[in-house]
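*Asks:* Just the structure for this:
(2 chains, ligands or ions: 2)
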Amino acid sequence: MIKLRNIDRYIDKRLQRNFILKGIDLDIEEGDFVSIMGPSGAGKSTLLNIIGFLDDANEGEYYFLDEPVHSLNERQKSEYHRSYIGFVFQAYHLIDELTVYENIEMPLLYRKVKGSQRKSMVADMLDRFNIVAKKDLFPNQLSGGQQQLVGVARALIGSPKLILADEPTGNLHSDQSKEIMETFKKLNKEDGVTIIQVTHSDEMASYGDRVINLQDGAVTENNPYEEE
Amino acid sequence: MLKNYIKIALRSLFKQKMYSFINISGLALGVACCALILLYTTNEWSFDKFHSKSDRIYRAWTLEDYGEGDIYFNTVTPFVLKPTLEQSIPEVDQIARRYVFNDLVKRSESDESFSTSIQAVDPEFFSIFDFELLRGDSEQIFSGLNEVVLTPELANQYFENEDPLQKTLLVMMGGEFQAFTVTGIIEEPPTNSSIQYGLLIPMEKAQTVLNPNSLLNWYSVTPETYVLLNEQADLTAVQAKFPAMMEQALGEDYNEGEYEVGLQPITDIHLNTEFPVGIASVSDPTYSYILGAIALLILIIACVNFMTLSISRSTSRAKEVGIRKTIGAERHHLMYQFWGEALLMTVFSVSLGVLISEFLLPFFNQLSGTQLSLQLSLNTILLYSGLALFISLIAGIYPALVLSNFKPIEVLKGKLQIKGDKNIFRKGMVVFQFTISIFLIASTLMVNKQLDFLRSKDLGFQKEEVVILQTGLQLGPQMGFSQITQESVRKKELFESQISANSSVLDLASSIYTPAQQGWIGVDFKDADQQTRRMNINFVDADYLNMMGIEVTEGRSFSDEITSDKRRAIIVNKALVDDYGWDNAIGKKLPGSNFEDHEIIGVVENFNYQSLRTSVEPLAMSINPSLLLSGIANIGFFNSPSPRISLKISSENIPETIREIEQTWAAVSPGTPFDFQFLDSSIDSQYRQEERLQKIAVSGSALAIIIACLGLFGLASLMISRRVKEIGIRKVLGASATSITLLVNKEFTVLVLVSILLAVPMAWYAISVWLDDFAYKADMGFWLYVLAGGIAIFISWATISIQSIKAAQINPVKSLKSE
Ligand SMILES: Nc1ncnc2c1ncn2[C@@H]1O[C@H](COP(=O)(O)OP(=O)(O)O)[C@@H](O)[C@H]1O
Ligand SMILES: [Mg+2]
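*Replies:* Residues are numbered from 1 along each chain as shown, chains lettered A, B, ... in the order given. Ligands and ions are numbered 1, 2, ... in the order given. The predicted model follows:
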């Protein structure tokens, strides 16, 4: 599904070039549940952003579903965001002015889903995450864990093939974290959704079936547990 | 989706109440201005277009050109033009002449009479124009001589609730009251009609009291002549026939190119200032341009506010943009969304603005001298929708472009930098707004200064406590200049004899013209070298100069004791002496050969008998009218000559004095209406246009600065909210509240200073163009610009300080914690 070849991402300063990512080679198959780990500043978020088309590599090749990403235009990228890729962020990133219901509904609006169908889809989601009672509240009226549930619900409502989660549990208690991870695992196993998450916690990483270690912008270990 | 957009738009609108308030109210003020100006200009442009045949109706003009600048261009014509056109031009369908005079009208012998404006018109008047005859038979109207047609308002005034048809009105004509029968009621003339009327009588009747010669004479012009051409007529072809027509009409007096006749479309009358004013009033479009320009500037300032504030606060929407983009929103979705929000806001603002304009309308009518009313028709609703769309486009597109261009990773990481333009754009906009504001303030100050100067300038005569009384004497078949001046002097003497010794009337004198009547009588004569000489003339009595306090610098004034003064004495002004290049004028004669025996006995100071727009022109005055009239080649009147009595009164108890004058006048001249003015107020009324401009400038600059300050207020608060942390740190490090206020104010003050530098040359230029209209100008002092700049700095400081003082008092612990 995802094929990265010799990806470089750098920032040119006045006299030198600072590499954030250097020479990344990576293959991720459909149905994988991958955890990216590594110290802070290693380039994990940058890598995730490149995978999710939010950032562009400076060098190297990136194939998404065998299509060269550098030849996608903005429109096609948006199309993928609408129907293939769901994002979950550490800071939840809900829209403050919209209610829980409206936040979850929003991706459907961009996909031009009909009103009645939209209603039932959002209702399903609210059900699934047990937040029906909260549907008319605004994000600042929710706890962090509840907000992240809404974030996940919003990412899932478009039934994406790929979920990119950047430290989704970074701000959560362990109970809440587990709930999110269980959800991911279920999605991965039952619906075959590909999941790539960034995490600092081995426990969270253990929900996945593959770990990629990143250090100073380079992959140091691909699948460290597999050898064991 | 639309619902979602509207929801979020409304919610963010309410979330940032101050921002929304500033944006909407600023824009609403701008829109209110524009709505009023639109109303005004549409009214101006709609003049006379309501006639169904307006494309075929023309007003005739005549142009006599005898060379050497001896030109007479008129939109009033000879009476004889109508029959001549009817005979020689087959394309002419119908012709209606009209002229206006004032005379006394009353209901019955026992009633009081009032001076009323009377329109004499041909019967065709009722078929050429669309003025609807509400009652009466349009076929038969004016088939008799003593008929009168009234507007409903006048009919009501005379007959109240009675049926006016077939009732009798008494109209003073040819010195006696004559009975007229009401045979029709005609609708009130629309306000956008050049032709205004109240009481109409047949032209044929009005002609019976005029000098028969003037009816056939090609050189005396009185009525306007409106010509309806037939549908096939081609204007150029018609006008091409006029020279041949004139050749035949003038016979041996005809010289090619000397007497030209032409047609002006009726729809052209109202705004075309190139044609001389006839009976129909003409509006000088300059003031509507100024009005329009100010309104546009205010709208631009409001739009600029909208843009800068939208962009400055875009950080608060940036996260949303990032989220939407990661969800799959394309740029155009976001463009639509933010532009739509701008549209929503402008729709609010426009609606509010229209409401405000309704409130401002009476004030505006006073400014523009109109009687406009706001009517919400489909057209105006479309117009305002168009305006909202237009404003949302110019004010909303740029913020929409900036917002929709945010890169999601940047905004979601929270390190948004609106690229480069952030400062330059915002600063540029502040400078732009303040440049306009300072320009308007400086112009206002200068208009004020010039008006003060005009009002307070020493005119060379006494203008306070002088009452001008109209004698009502008019030139007529049996009344020449000599007769009316003698009659006026007789009335004056009678008046003098009637008042008591301790009267508040201190002195009085008679003259044909008084100051503040534009032009007096302009005459040309040929000197010995056949050079054309020009001067103005006035006929006064022996007391006039003395009474008015006009200083005689050489020779002496007229004297009652010296009997020959009545016959042969002339007094000229300094300008005439200089113009003719004399060293000593006393004892000299005017250089024309045809003047009767005369002698210049005195020279007066150049007193400003005309408005201060013109410098003092050569002037000659005599007691004997025929003395100055005898030797002239051409004569031109700006006002019909009618003698007036000037009375110097005591400054105490003026209403009582006026009553005394009225009573005495009734005894001296029974049946003549009591019609008086104060000299100083009629002098001031010469500058009514300038007063209007002053009001426009004052309200325009006030609005501009208010809107600009609204924007500044918003910007300052946004800027401070972004610098709360910096301010907190500075306070922790020991900065005082004052120094923090200064720090914030400094940034904006620099911008206002730049604006002053930009605005001063613009204002200087505009003001000198305007001042060119005046022969006498107040000097454009340097202080004026300093003051304008000072006002702007003061107001901007006051505005920003509200914000910065608040910021400086924030507890640093709190502001640092919040990060
Ligand atoms: N736009 C950028 N400009 C400059 N430096 C950046 C930019 N984006 C990321 N970096 C730097 O690249 C490094 C990797 O960042 P990131 O991918 O966020 O790391 P991680 O998510 O692993 O903590 C960090 O040192 C960060 O400061
Ligand atoms: Mg990171």
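*Asks:* Residues contacting whichever strand or helix holds A:D127, please?
*Replies:* In the assignment (DSSP states H and E), A:D127 maps to helix A:115-128. For helix A:115-128, the surrounding residues in contact (Cβ atoms under 8 Å, 6 or more residues apart in numbering or on different chains) are A:V100, A:Y101, A:I104, A:E105, A:L108, A:L109, A:V113, A:V132, A:K135, A:A153, A:L156, A:I157. The way it works is simple: take the backbone N, C-alpha and C, and place the C-beta from them, glycine included.
*Asks:* how does it look with 10 Å?
*Replies:* Helix A:115-128 is contacted by residues A:100-109, A:111-113, A:131-135, A:149-150, A:152-154, A:156-159, A:183, A:186, B:3 when judged by Cβ atoms under 10 Å, 6 or more residues apart in numbering or on different chains.
*Asks:* Filter these down to just the buried residues.
*Replies:* Under a neighbour-count criterion of 16 or more other Cβ atoms under 10 Å in any protein chain shown, the subset of the contacts of helix A:115-128 counted as buried comprises A:100-109, A:113, A:131, A:134-135, A:149-150, A:152-154, A:156-158, A:183.
*Asks:* where does chain A dip in pLDDT?
*Replies:* Within chain A, the stretches with pLDDT under 70 are A:223-228.
*Asks:* Centroid-nearest residue for it?
*Replies:* Using Cα atoms, centre = their mean, the residue of chain A that lies closest to the mean C-alpha position is A:L164, 1.4 Å off.
*Asks:* Check chain B too.
*Replies:* What sits nearest the mean C-alpha location of chain B, by Cα atoms, centre = their mean, is B:Q689, with 4.7 Å.
*Asks:* follow-up on the earlier one: ok, which of the contacts of helix A:115-128 also contact ligand 1?
*Replies:* The residues of these that also fall near ligand 1, by Cβ under 6 Å from any ligand atom, amount to none at all.
*Asks:* Sitting in strands, which of those do you find?
*Replies:* Among the contacts of helix A:115-128, DSSP state E puts none in strands.
*Asks:* Could you list the domains of chain B?
*Replies:* B:57-268, B:466-685 (automatic domain parsing).
*Asks:* So the residue nearest to the centre of chain A, which state does it fall into?
*Replies:* Using DSSP: H, G, I helix; E, B strand; the rest coil, the secondary structure recorded for A:L164 is strand.
*Asks:* In contact with the residue nearest to the centre of chain B, which residues?
*Replies:* With contact taken as Cβ under 10 Å, 6+ apart, B:Q689 is in contact with B:D284, B:T286, B:Y287, B:G369, B:D773.
*Asks:* Which two of those residues have the greatest separation?
*Replies:* The largest distance within those, taken as Cβ to Cβ, falls between B:G369 and B:D773 and amounts to 18.5 Å.
*Asks:* Who has more neighbours out of the two?
*Replies:* Comparing B:G369 with B:D773 by other Cβ atoms under 10 Å in any protein chain shown, the one with more neighbours is B:D773, at 14 against 11.
*Asks:* Wait, the more buried one touches B:E690, no?
*Replies:* Yes. Applying Cβ atoms under 10 Å as the test, B:D773 and B:E690 come out as touching, 8.9 Å apart.
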